[in-house]
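> missing the sequence, but the structure's below:
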């Protein structure tokens, strides 16, 4: 199962690293602090979970300073800090907590007076493969940073370039081989023509 989780998290890491802080590995029973940050003026913050951001975990309103937590997670979630910079603590993690978490801010555009949604800093991809709390205290979390992703991209580009060169070389070799075969056949045709001319002369 652990190998499967590694593959899944690697794929998700490549998909979401452009918008997210990175992949955070946690064991069951541990906790994670998601630090939502933004520099522009906003009206509210929603911490959403899921690829399609379908689940709202936390809502913070700037005007009323009201903080709302989804019912099934009220005992596991705590919030600290002043809007819009909010630290969201999720305790007692389990495998079901695995997934992307998005810091989404909503604000009113001062020019068009329309609501705009912006993904702030701090969004993460959480992976909880499971295991005991004892193992969680000794095994450090793994992270997937941008430098590793860039190295993967470089390796892929090099592999594609080498494969392309091999294919081009193979095609050139086949073309040269065909030309050589044609050159070897042509003199035989000329000899046949000479023999036919000699036979015609003798008959005459």
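Looks like it came in fine. Predicted, not measured: the structure shown is a model, and the values here were computed from it. Residues are numbered from 1 along each chain as shown.
> alpha carbons only for contacts and neighbour counts from here, please
Will do.
> measure residue 31 to residue 90 for me?
Applying CA to CA, to the nearest Å, the value for residue 31 to residue 90 is 6 Å.
> brain fart, residue 101
Relative to residue 90, residue 101 is positioned 11 Å away (criterion: CA to CA).
> Of these two, which one has the most company?
Applying other CA atoms under 10 Å to residue 101 and residue 90 shows that residue 101 carries more neighbours, namely 23 against 19.
> Need the three-state assignment for that one.
strand (DSSP: H, G, I helix; E, B strand; the rest coil).
> I figured it hits residue 48, correct?
Yes: Residue 101 lies in contact with residue 48 (CA atoms under 8 Å); the separation is 5.6 Å.
> Name the residues contacting each of the two.
Shared contacts of residue 101 and residue 48, defined by CA atoms under 8 Å, 6 or more residues apart in numbering, are absent.
> Once you drop chain neighbours, what's closest to residue 114?
The spatial neighbour of residue 114 that comes closest, neighbours along the chain excluded (CA to CA, 6 or more residues apart in numbering), is residue 108 at 5.4 Å.
> doesn't residue 43 make contact with that neighbour?
Yes: applying CA under 8 Å, one finds residue 108 in contact with residue 43, separated by 7.2 Å.
> which of the two has more neighbours?
Using other CA under 10 Å as the criterion, residue 108 and residue 43 rank with residue 43 on top: 17 against 14.
> show me where this structure has helices.
2-16, 133-138, 146-203 (DSSP state H).
> What's the mean pLDDT across the longest one?
Averaged over helix 146-203, pLDDT sits at 72.
> and residue 117, how many neighbours?
Residue 117: 14 neighbours (other CA under 10 Å).
> That one touches residue 105, doesn't it?
Yes: here residue 117 reaches residue 105: they are 5.6 Å apart, a contact under CA under 8 Å.
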